[in-house]
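Peer 1: requesting a structural model of the entry that follows:
(2 chains)
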Protein chains: 2
Amino acid sequence: MAQKPSIPKGTRDFNPEQVTKRNYIFNTIRGAFETFGFQPIETPSFENSNTLMGKYGEEGDRLIFKILNSGDYLSKADNEAYDTKNSNKLTPSISEKALRYDLTVPFARYVVQHQNEIEFPFKRYQIQPVWRADRPQKGRFREFYQCDADVVGSKSLWQEVEFIQLYDKVFSALKLEGVTIKINNRKILSGIAEVIGASDKLIDFTVALDKLDKIGEDKVKEEMRGKGISEAGIAKLQPLFTLSGSFESQIDGLKGILSASEAGQKGIGELAFINAAIKELELSTATLQLDVTLARGLNYYTGAIFEVAAPEDVKMGSIGGGGRYDDLTGIFGMKDVSGVGISFGLDRIYLVLEELGLFPETVNKKVEVLFINFGDKEALYSLKAINALRLQGINSELYPDAAKMKKQMNYANKRAVPFVVLVGEEEVTSNIYTLKNMTSGEQQKVSLETLIKLVK
Amino acid sequence: MAQKPSIPKGTRDFNPEQVTKRNYIFNTIRGAFETFGFQPIETPSFENSNTLMGKYGEEGDRLIFKILNSGDYLSKADNEAYDTKNSNKLTPSISEKALRYDLTVPFARYVVQHQNEIEFPFKRYQIQPVWRADRPQKGRFREFYQCDADVVGSKSLWQEVEFIQLYDKVFSALKLEGVTIKINNRKILSGIAEVIGASDKLIDFTVALDKLDKIGEDKVKEEMRGKGISEAGIAKLQPLFTLSGSFESQIDGLKGILSASEAGQKGIGELAFINAAIKELELSTATLQLDVTLARGLNYYTGAIFEVAAPEDVKMGSIGGGGRYDDLTGIFGMKDVSGVGISFGLDRIYLVLEELGLFPETVNKKVEVLFINFGDKEALYSLKAINALRLQGINSELYPDAAKMKKQMNYANKRAVPFVVLVGEEEVTSNIYTLKNMTSGEQQKVSLETLIKLVK
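Peer 2: Numbers count the residues shown, from 1 in each chain, chains lettered A, B, ... in the order given. This is a model prediction of the structure:
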């Protein structure tokens, strides 16, 4: 019957230290979300398959975990797919539910389903796991948390301003100083494509531009040529490759490049508005930067596009991202609801805080006082003191067995308990406690009152 | 493309109020767990199927949600099962993973897998959802949370004592006074079965006895007769049916009934020890009660059995349960590790708190201050004040659009915002704010400093 236990690839067990550190990040994000007026919702781990399928492209459909129907599921199997052993075609007839792939589509479904109970603009946040059947690799898991905040029902650019402040607030609270909040706008990208006569190749064009950081100017141009963008068009892009300096000077550069595009002008106006407000309101520790190559999730975003980069000395992809999408709920039949939102990448933030040693020492609040167990009479006496300590919110415990002193002290050391209390016959008789400070090694006999005071 | 959105049966969306109330319960339980020295772990939502299958009986196996393998899963399908269209037999060849069915088996797997990193006795808690393909009905869902605390690696009865205190602590903290913590012991049930000559019918016997509350003495006896328990044996049970009064007097009664059973005597000893300790340590608001008919999860528990009943005036099944199991990790090849644990039933606790009106008024901490938006200049001025309020931890927001006043005030009312701030040209010029108390209707012009003070 014995099995060698293991967990599915791409999944993780979290030990107490890891859970506590993760919760520190979750709580910081949650706290900021609530201060900004966002309200929590939660949706089921699995949705009806037709809610999810077709929403993330072909690749996404493949990466969605499907749940097998219960009971004699083959009795309803699609006959043709079954006879031809066609997995893809068979799936819809034997699986009606699928695990959540992100929080955005379930949120859109939620908004449409509950539209009559919701006050718009609706500011919601959601912190829940999602699942993807991706090939696991370093930093990429099959189960991971997303932390999203979105507003739906308003086109106001003040939301974009607030999301930048929210990023700043969270990373400042985490003491992760020096992050860069990159911003771009879909309308800028459309404008550029328009200007170089490649509006029909917007996706190809932006996918290539997005790689500028990684592969450099020459290779980007090569890729554009390969996608059929004209040499004349590419020549027009030249100022884009040399765009640099402050937000304002980049905006000025863009004004020249995009003078002929209405969409482009509109995008410039939005960026300038957001930048002016942020300059006036000031960020604590983050920097706002215009990045015209930023294109993440383009077929999705219609206005602002955000991405957050960790401080420069840390090698890490983006630790957050988001943007504005003008018709998210349309897929569920509710038109013209504009939304804008951002997301925090928990796993990467965790790695960055770990690398920079930014988790507070106190984050892993373990047991503060361990009572050594010398026998039932002493244990009962100890538990009375433990009750009093716990009432004061002090994490304390009794070693459950009257084991050898050495074993119990060993346990205290391994768990890094700062205080140990020894209760023998003498202590019970005199109504006192022997308190040992495990750091200094100092030992003293004290009353319960003093014990509580010293431990606190 | 439009779809009428819905969620799978047996699952739930949680709106902001519900999430907040649920978190209030989670946080209370979590806080108590930590005060008692328990440490959090988390395990993946899905496990390898062979970790779960066969651990919950045939019924359990059927209720486990299985995840379809990715890609061309039919290429590895069991040929014989496929040709005979045998769903049950086919499943293992097309599904290797399954959703967590409870937290106990994954915990056992965790302990065995990580035994070299763990300090024993290991006090862990775990608060995560589980999934069961049960027929949904009132109060029974396909996705629900379990909140478990367990200790493994100690046979000490002080753990049982501490778990009773922990129940008392949590329910007292939730202001749910008057719960009854019922306790029994597997050894008592074995002893009774032994005494009436039905040791081979222990399960049948206890299943019948467990129904005493619901169906009454006569029907219980009838069921026992049906299961082949002798008339002489049933006669010997008579004192059991009339067992009543205090914990101590019931113990005395049991001593007579079980005088001939060694196991029974041992069970009595354990119960008496636990009761004496609790009498000495005292509970705040709960009552400990001996209930010899209590048998939940019998094939599992080897010592103490716990169940918590809501206050008598609330019609609700058990809101918690647990017990001692002597060889949980044996299924994964690690022998002789005794464990004991308890669980809290979140959904039922929620219903009880709701019914008795015990959620604190402040639990749903919403937005405290809404700034009415009169235009961009005023909005920017408002956001500076909002920054200051948020720094003080005051949840505040700007209405994102310069919409009609009536619409904005309507939003404030619907969301029950206690304070609204109005900022027009006059306020910007004079560097003041008009604060409106939405309860009293009172309105005053104040400085930012006063605004913060009044709102706090």
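Peer 1: need the contact list for A:Gly10.
Peer 2: Residues in contact with A:Gly10 (Cβ atoms under 8 Å, 6 or more residues apart in numbering or on different chains) are A:134, A:136, A:140-143. From N, CA and C alone the C-beta is placed, and that goes for glycine too.
Peer 1: I should have written A:Ser199 there, sorry.
Peer 2: Contacts of A:Ser199 (Cβ under 8 Å, 6+ apart): A:190, A:193.
Peer 1: relative to A:Phe107, how far out is it?
Peer 2: 31 Å (Cβ to Cβ, to the nearest Å).
Peer 1: just the pLDDT for whatever residue of the stretch 101-250 of chain A ends up closest to chain B.
Peer 2: Residue nearest to chain B within the stretch 101-250 of chain A (Cβ to the nearest Cβ): A:Ser156, separated by 3.6 Å. Looking at A:Ser156, its pLDDT stands at 96.
Peer 1: close enough to count as contact, it and B:Asp401?
Peer 2: Yes: with contact defined as Cβ atoms under 8 Å, A:Ser156 counts as touching B:Asp401 (4.8 Å).
Peer 1: can you work out which residues contact both of those two?
Peer 2: B:Asn373.
Peer 1: neighbour count: these two, which is higher?
Peer 2: Higher neighbour count among A:Ser156 and B:Asp401: A:Ser156, with 22 against 17, using other Cβ atoms under 10 Å in any protein chain shown.
Peer 1: returning to what we had before: which one of the contacts of A:Gly10 sits closest to A:Ser75?
Peer 2: Distance to A:Ser75 across these (Cβ to Cβ) is lowest for A:Arg142, with 30.3 Å.
Peer 1: hmm, that closest one is touching A:Trp131, no?
Peer 2: Yes: counting by Cβ under 8 Å, A:Arg142 touches A:Trp131, with 6.2 Å between them.
Peer 1: average pLDDT across stretch A:327-345?
Peer 2: pLDDT averaged over stretch A:327-345 gives 92.
Peer 1: first-to-last residue distance for that stretch?
Peer 2: 24 Å (Cα to Cα, to the nearest Å).
Peer 1: that one near chain B anywhere?
Peer 2: Yes: with Cβ under 8 Å from any Cβ of the partner chain as the criterion, chain B is reached by stretch A:327-345 at A:330-333.
Peer 1: just the strands in the stretch 1-150 of chain A please.
Peer 2: Ranges of strands in the stretch 1-150 of chain A, per DSSP state E, counting those that start in this stretch, are A:39-40, A:46-48, A:66-67, A:97-99, A:122-131, A:143-152.
Peer 1: and those as a markdown table, adding mean pLDDT and distance to B:Gly37?
Peer 2: Shown next, in a markdown table, are the strands of the stretch 1-150 of chain A (pLDDT from 0 to 100; distance: least, Cβ to Cβ, whole Å):
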| stretch | mean pLDDT | distance to B:Gly37 |
| --- | --- | --- |
| strand A:39-40 | 96 | 29 |
| strand A:46-48 | 98 | 35 |
| strand A:66-67 | 98 | 38 |
| strand A:97-99 | 98 | 35 |
| strand A:122-131 | 97 | 27 |
| strand A:143-152 | 97 | 27 |
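Peer 1: now those strands in a markdown table, with distance to chain B and mean neighbour count?
Peer 2: Below are the strands of the stretch 1-150 of chain A laid out as a markdown table (distance: least, Cβ to the nearest Cβ, whole Å; neighbours: other Cβ atoms under 10 Å in any protein chain shown):
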| stretch | distance to chain B | mean neighbour count |
| --- | --- | --- |
| strand A:39-40 | 4 | 23 |
| strand A:46-48 | 6 | 23 |
| strand A:66-67 | 4 | 25 |
| strand A:97-99 | 5 | 25 |
| strand A:122-131 | 7 | 22 |
| strand A:143-152 | 6 | 22 |
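Peer 1: quick check: residues of the stretch 151-300 of chain A near chain B?
Peer 2: So the stretch 151-300 of chain A meets chain B at A:151, A:154-156, A:158-159, A:161-162, A:165, A:169, A:277, A:280-281 (Cβ under 8 Å from any Cβ).
Peer 1: correction: the previous question concerned the stretch 301-450 of chain A.
Peer 2: A:330-333, A:365-367, A:373, A:379-380, A:383-384, A:387, A:390, A:393-401, A:411, A:414-415.
Peer 1: for PyMOL, what selects the buried ones among those residues?
Peer 2: Those of these that count as buried under 16 or more other Cβ atoms under 10 Å in any protein chain shown are selected in PyMOL with:
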select buried, chain A and resi 330+331+332+367+373+379+380+383+390+394+395+396+397+398+399+400+401+411+415
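Peer 1: near A:Val421, how many other residues are there?
Peer 2: Neighbours of A:Val421 (other Cβ under 10 Å): 22.
Peer 1: give me the pLDDT for the residue lying closest to it once chain neighbours are set aside.
Peer 2: Nearest non-adjacent residue to A:Val421, counting by Cβ to Cβ, 6 or more residues apart in numbering or on different chains: A:Phe371, 4.7 Å away. Looking at A:Phe371, its pLDDT reads 97.
Peer 1: what is the least confident helix or strand in chain A?
Peer 2: Ranking every helix and strand in chain A by mean pLDDT, DSSP states H and E puts helix A:238-241 at the bottom, with a mean of 84.
Peer 1: list the helices and strands it packs on?
Peer 2: Judged by 3 or more Cβ pairs under 8 Å, 6 or more residues apart in numbering or on different chains; DSSP states H and E, the packing partners of helix A:238-241 are helix A:247-257.
Peer 1: pull out the buried positions in the helix it packs on.
Peer 2: A:247, A:250-251, A:253-254, A:257.
Peer 1: neighbour-wise, which of the contacts of A:Gly10 leads?
Peer 2: A:Arg142 (24 neighbours).
Peer 1: so what's it up against?
Peer 2: A:Arg142 neighbours (Cβ under 8 Å, 6+ apart): A:8-11, A:131-134, A:136.
Peer 1: apply 6 Å and report the result again.
Peer 2: By Cβ atoms under 6 Å, 6 or more residues apart in numbering or on different chains, A:Arg142 lies in contact with A:10-11.
Peer 1: what sits against A:Ser338?
Peer 2: Contacts of A:Ser338 by Cβ under 6 Å, 6+ apart are A:155, A:326.
Peer 1: how about A:Leu358, secondary structure?
Peer 2: What DSSP: H, G, I helix; E, B strand; the rest coil gives for A:Leu358 is coil.
Peer 1: neighbours around it, how many?
Peer 2: The local packing of A:Leu358 (other Cβ under 10 Å) involves 14 other residues.
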